[in-house]
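In: Okay, here's the prediction I keep looking at, along with the sequence it came from:
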Amino acid sequence: MIEFNLPSLGADMDEGTLLEWKVRPGDKVERGQVVAVVDTAKAAVDVECWHAGEVFELLVEPGDKVPVGTLLATLLEAGETAANAQRRARPAVAAEAPSPGAIPGAPASTRPRISPAARLRAAELGLDVASLRGTGPQGAVTLSDVEAARPVAAVDRNAAMRQAIASAMSRSKREIPHYYLMESLDLGPLLAWLQAYNAPLPPERRLLPAVALLKAVALALRDYPQLNGSWRDGAFHPADGIHLGVAIALRQGGLVAPTLHAVADKDLPTLMDDFVDLVQRARAGSLRSSELEGAGLTVTLLGDQGAESVFGVIYPPQVALVGFGRIAERPWVDGGELCVRPQVNASLAADHRVSDGHYGGRFLAGIHRLLKHPGDL
């Protein structure tokens, strides 16, 4: 028997609401297949199952809000039968005798179908379960049905997102000993190379400076691995690859930081396609659970409308965050002569338990060296 639990879809997630099952009992499931949609404080996320098998039971109903780690479903392993699974999962027990003085209840066939979470919430609100209309499978009453039975204001997602962000950032500042560094980077070579590269291409195939910055960060992490990983259980754990979280501002307010995987191994056109796709789906609320985990470092890019510098807060349990401000022309000294160059202020927030300012400064210098040779990215 394989257990499928609600995964943590970010350090700021404690619970989630099941919106939809994509499978039914008896369905075959492949590794990596989307099996459910879960609503977090930030977005509706497609949740993938990382085990192959056959769906045996769905234990949580759409509308139920449950904590991270809750058992959502069980799957049969290859060669396992439903009869064997039932014998192991539900050993025979004697029927529970009614307590003295208890009034016999209605037969099971006439009792309203209702999830445990919905029953508890109905009791909290003083609602009669029998009076509720269920919209779940086979007419089951879900948590959303209970909430809809009273006149309450709709949940403000933006407020919930702000609360989740504040919780994660408060934890970060409370638990992580931050240090900060900032370096101005000359982007003259990069922008000149991009102009020549993009000139013959249609607009939809052109590269943005942002993807070159991401690639430079990823390549620099090969030489500075102490900034790529997480702090868990009192120790540093290196990431299993160079996967970058990317902070994305949402149109309705707030932000998410989904993961771009294997950034160092992708050429710039592929990285551009993946970056644009990730931004579009993040803003449309169609991320997958695998895109909300695995990042060893997060990058925030303010873009043309942003401030000149940004000093970010590390996203726990990661140990570093890189920020890029607005690209702007500023004075620059080259060979003893004053000139004007397009520049970007690159900042690093890092965990002092894992690295120090000297190491972090060399990392920022490494990013700068890479950007001076954009053809090698």
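Out: Great, that's in hand.
In: list the contacts for the closest residue to Asp265 other than its chain neighbours?
Out: Computed as CB to CB, 6 or more residues apart in numbering, the closest residue to Asp265 that is not its neighbour in sequence is Ile242, at 7.7 Å. (Glycine included, C-beta is placed from N, CA and C.) Each residue near Ile242 by CB atoms under 8 Å, 6 or more residues apart in numbering is listed here: Ala218, Leu221, Arg222, Asn228, Ala262, Val263, Ala264, Asp265, Gly296.
In: run the last query once more with 10 Å
Out: Ile242 sits next to 217-222, 225, 228, 260-265, 295-297 when contact means CB atoms under 10 Å, 6 or more residues apart in numbering.
In: Test my guess that Lys42 contacts Met13.
Out: Yes: counting by CB atoms under 10 Å, Met13 is a contact partner of Lys42 at 8.2 Å.
In: Neighbour count: the two, which is higher?
Out: Using other CB atoms under 10 Å, the more surrounded residue of Lys42 and Met13 is Lys42, with 25 against 21.
In: so what sits against both of Lys42 and Met13?
Out: Common neighbours of Lys42 and Met13 (CB under 10 Å, 6+ apart) are Ala164, Leu292.
In: By mean pLDDT, flag the weakest helix or strand of this structure.
Out: Across the helices and strands of the chain, mean confidence by mean pLDDT, DSSP states H and E is lowest for helix 82-89: a mean of 63.
In: Next up, phi/psi of the residue nearest to Asp265, please.
Out: Phi and psi for Ile242, reported as degrees, to the nearest 10, are phi -100, psi 90.
In: any idea how far it lies from Leu260?
Out: Separation of Ile242 from Leu260 (CB to CB, to the nearest Å): 10 Å.
In: so what sits against both of those two?
Out: Among the neighbours of Ile242, those also in contact with Leu260 (CB under 10 Å, 6+ apart) are Ala218, Ala295.
In: where's Ala284 relative to Arg330, distance?
Out: On the measure of CB to CB, Ala284 and Arg330 end up 36 Å apart.
In: before we move on, what about Tyr180?
Out: For Tyr180, the distance to Arg330 - CB to CB - is 20 Å.
In: what ranges of the protein fall below the confidence cut-off?
Out: 11-12, 83, 85-112, 116-117, 120-121, 123-126, 150-157 (pLDDT under 70).
In: hmm, try it at 50
Out: For the chain, applying pLDDT under 50 flags the ranges 90-104, 106-109, 151-155.
In: By residue count, tell me the biggest helix in the protein.
Out: The helix that spans the most residues within the chain, counting by DSSP state H, is helix 157-175.
In: With just CA atoms, put it into PDB.
Out: Only the C-alpha atoms of helix 157-175 are listed here, as PDB (Å, rounded to 0.1, in the frame of the first residue of the first chain):
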ATOM      1  CA  ARG A 157      -6.800  35.700  -1.300                       C
ATOM      2  CA  ASN A 158      -4.500  38.800  -1.400                       C
ATOM      3  CA  ALA A 159      -4.800  39.200   2.400                       C
ATOM      4  CA  ALA A 160      -4.100  35.400   2.800                       C
ATOM      5  CA  MET A 161      -1.100  35.700   0.500                       C
ATOM      6  CA  ARG A 162       0.300  38.600   2.400                       C
ATOM      7  CA  GLN A 163      -0.200  36.800   5.700                       C
ATOM      8  CA  ALA A 164       1.700  33.700   4.300                       C
ATOM      9  CA  ILE A 165       4.500  35.900   3.000                       C
ATOM     10  CA  ALA A 166       4.800  37.700   6.300                       C
ATOM     11  CA  SER A 167       4.900  34.500   8.200                       C
ATOM     12  CA  ALA A 168       7.700  33.000   6.000                       C
ATOM     13  CA  MET A 169       9.700  36.300   6.100                       C
ATOM     14  CA  SER A 170       9.300  36.700   9.800                       C
ATOM     15  CA  ARG A 171      10.600  33.100  10.300                       C
ATOM     16  CA  SER A 172      13.500  33.900   8.000                       C
ATOM     17  CA  LYS A 173      14.600  37.100   9.900                       C
ATOM     18  CA  ARG A 174      14.100  35.400  13.200                       C
ATOM     19  CA  GLU A 175      16.000  32.200  12.400                       C
END
